[in-house]
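In: Could you work out the structure for the sequence below:
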Amino acid sequence: MSYVQDIYEQVVKRNQHEPEFLQAVNEVLQSLEPALEQHPEYQKAGILERIVEPERQIIFRVPWVNDDGDVEVNRGMRIQFNSAIGPYKGGLRFHPSVNLGIIKFLGFEQIFKNALTGLPMGGGKGGSDFDPRGKSDAEVMRFCQSFMTELYRHIGADTDVPAGDIGVGGREIGFLFGQYKRLKNLYEGVLTGKGLTWGGSLGRPEATGYGTIYFVEEMLKSRGESLQGKTITISGYGNVGTYLIEKANQLGAKVVTIGDEYGYVHDPDGIKGEKLEFLMDLWCIYRRAAKDYADEFGLEWVPDKSPWEVPCDIAVPTATQNEVCSEDARLLVANGCTCVAEAANMPCMADAVDTFIENNILFGPSKAVNAGGVAVSGLEMSQNSMRYSWTFDEVDAKLKIIMANIYKSASTAAKEYGRENNLVVGANIAGFLKVADAMMAQGVV
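Out: Take a look at the predicted model:
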């Protein structure tokens, strides 16, 4: 049994009921084999054994009172996975599907994603099985205050800096920050995604969507192409999707779908103008269903199906993990799709990724493609530390440079280790090497 396989078997024994975490670990470990062959010192130092095990796992009870006066209890958690290159950094997810395995998968991916940005941030993730949909602002506030009443003990500007994720937007970050400040009597950059009047960064809401498009631009350049005239399909319509559409429109592309877990809508004319204005607030502010977009503009709603059946040049999954299966991948290939970029976290199943690579589809893995969000979170941390702020154009310019550098790092590593054009392998190796070298320098800790 190879070293990599032996480590994976150990992970399976310890985490048998966490399929998303096992999927993420297996994908990373398999792609690291070329690097491990050239760096036997990593095996001697037990780097893999350490990097697959979180440094700290915090699980806690979150009791809160609903508007009817009844007590409800949710489970909260924070996985502080790896701090070799900086304080833990990663979002909080509030969604009924949240469990330990999902948070561990997200935290593990965050290690390498953060390393790719070139900024000093370690990997972490957290969240709760609380569902903010259908809750009043007062209920969300009471939940967030209870959640932070436990979490505040474990975070700080130089220790662990959470951000938003699914179900955690500006409203939630505000409530969480207010409670942290109240408990600690300290005003510091402990959360990112804050409001512009109290420590937030211009460009942060746009960062993941814009960054995705900047990365797609780099992929297309490798084949002498541009976004001009390209048709794009996406699956979500939240913060990432709406700003992705905005930047795609600016660069001459056309986004023709949005969707959710209940189906999708196809808008062949493209989402722009008043339609994009309507979409901007649909989920991010009002938490309304994607079908409402179809109803508003007289478009057909396609229930219980995914947008991957719509012909496109570029497909960008923007919703959640494992939303693109092998059947979807084959359909995209058959319909002429030439580029797939993962804007969500691990949205493509392993066999779907294999299908794309086997068919010479440009494929951007999530830890590279959607790193723009955490990159600008890192810039927000810098601004908070300096008591300073950059203009939108300054942040956007830095973001574009970071995304180009991520593509270059992944592409270069793939070529150097014999997997040219395989950005999955390249991104994993490039991120891993930075973290592994830091772990080596710091000893067995």
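
In: Just give me the residue closest to the centre of this protein.
Out: Asn345 (4.6 Å; Cα atoms, centre = their mean).

In: which SS state does that residue fall under?
Out: With DSSP: H, G, I helix; E, B strand; the rest coil as the basis, the three-state label of Asn345 is coil.

In: Show the model's pLDDT score for it.
Out: pLDDT, Asn345: 92.

In: which residue packs closest to it, ignoring adjacent ones?
Out: Ser366 (5.1 Å; Cβ to Cβ, 6 or more residues apart in numbering). From N, CA and C alone the C-beta is placed, and that goes for glycine too.

In: Over to Gln30?
Out: Using Cβ to Cβ, 6+ apart, the closest residue to Gln30 is Val4 (6.8 Å).

In: for the one you found, what are its contacts?
Out: Taking Cβ atoms under 8 Å, 6 or more residues apart in numbering, we find Val4 in contact with Leu29, Gln30, Leu32, Glu33, Leu36, Leu48.

In: what's in contact with the longest helix seen in the chain?
Out: Using DSSP state H to define each element, the chain has its longest helix at helix 392-416. Residues outside helix 392-416 that contact it (Cβ under 8 Å, 6+ apart): 116-119, 201-204, 206-207, 210-211, 214-215, 218-219, 222, 368, 371-372, 375-376, 379, 390, 420-423, 425-427, 429-430, 433.

In: Among those residues, name the ones in helices.
Out: Reading helices off these with DSSP H, I get 116, 207, 210-211, 214-215, 218-219, 368, 372, 375-376, 379, 423, 425-427, 429-430, 433.

In: quick one: the strands in this structure?
Out: Secondary structure of the chain (DSSP state E): strands at 56-65, 71-82, 88-94, 122-128, 160-163, 231-234, 254-255, 257-260, 263-266, 301-303, 314-316, 339-341, 362-364.

In: And the buried ones among the contacts of helix 392-416, selectable in PyMOL?
Out: Selecting only the buried entries of the contacts of helix 392-416 in PyMOL, with 16 or more other Cβ atoms under 10 Å as the criterion:
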select buried, resi 116+117+118+119+201+202+203+204+206+207+210+211+214+215+218+219+368+371+372+375+376+379+390+421+422+423+425+426+427+429+430+433
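
In: if I pick the residue nearest to the centre of the chain, what's in contact with it?
Out: Phe105, Leu106, Glu109, Thr320, Gln321, Ser366, Asn370.

In: From these, pick the one nearest Asn66.
Out: Thr320 (26.1 Å; Cβ to Cβ).

In: Need phi/psi at the nearest residue to the closest one once chain neighbours are set aside.
Out: Closest residue in space to Thr320, ignoring its immediate chain neighbours: Ala344 at 5.7 Å, by Cβ to Cβ, 6+ apart. Main-chain dihedrals, Ala344, degrees, to the nearest 10: phi -80, psi 180.

In: check contacts around Ala344.
Out: By Cβ under 8 Å, 6+ apart, the contact set of Ala344 is Ser235, Gly236, Val240, Pro317, Thr318, Ala319, Thr320, Gln321, Glu323, Ser366, Asn370.

In: And for Ala84?
Out: Gly122, Val435, Ala438, Met439, Gln442.

In: tally of neighbours for the third one?
Out: Read it as Ala438. 17 (other Cβ atoms under 10 Å).

In: And the last one, by the same measure?
Out: Other residues near Gln442 come to 11 when the count uses other Cβ under 10 Å.

In: With the one 3 residues further on instead?
Out: Neighbouring residues of Val445 were enumerated by other Cβ under 10 Å; the total is 8.

In: And it, how close does it get to Ala438?
Out: 11 Å (Cβ to Cβ, to the nearest Å).

In: next one: Gln10
Out: 23 Å.

In: Hmm, Gln80 and Tyr88 touching each other?
Out: Yes - the pair Tyr88 and Gln80 qualifies as a contact (Cβ atoms under 8 Å) at a distance of 4.6 Å.

In: which regions of the protein sit below the pLDDT cut-off?
Out: The model of the chain has pLDDT under 70 over residues 1.

In: make it 90
Out: Residues of the chain meeting the criterion pLDDT under 90: 1, 133, 166, 283-288, 320, 445.

In: Let me know the outermost residue of it.
Out: Largest centre distance within the chain, by Cα atoms, centre = their mean: Gly69, 35.5 Å.

In: quick one, phi psi at that residue?
Out: The phi/psi pair for Gly69 (degrees, to the nearest 10) is phi 90, psi 10.

In: Distance-wise, check the residue nearest to Gln30 relative to Ala24.
Out: Going from Val4 to Ala24 by Cβ to Cβ gives 14 Å.

In: One more: Pro303?
Out: Taken as Cβ to Cβ, the span from Pro303 to Ala24 is 31 Å.

In: go on, Ile429?
Out: 16 Å.

In: With Arg387 instead?
Out: Arg387 is 37 Å from Ala24, by Cβ to Cβ.

In: Excluding chain neighbours, give the residue nearest to Ser326 in space.
Out: Asp351 (4.1 Å).

In: shouldn't the one you found be in contact with Glu327?
Out: No - between Asp351 and Glu327 there is no contact under Cβ under 8 Å: 9.5 Å.

In: which one of the two has more residues nearby?
Out: Glu327 (15 against 12).

In: Identify the bridge partners of Gln57.
Out: As for beta bridges, Gln57 partners with Ile79 under DSSP bridges.

In: what does the one 4 residues further on give?
Out: The partner list for Arg61 in beta bridges (DSSP bridges) reads Arg75.
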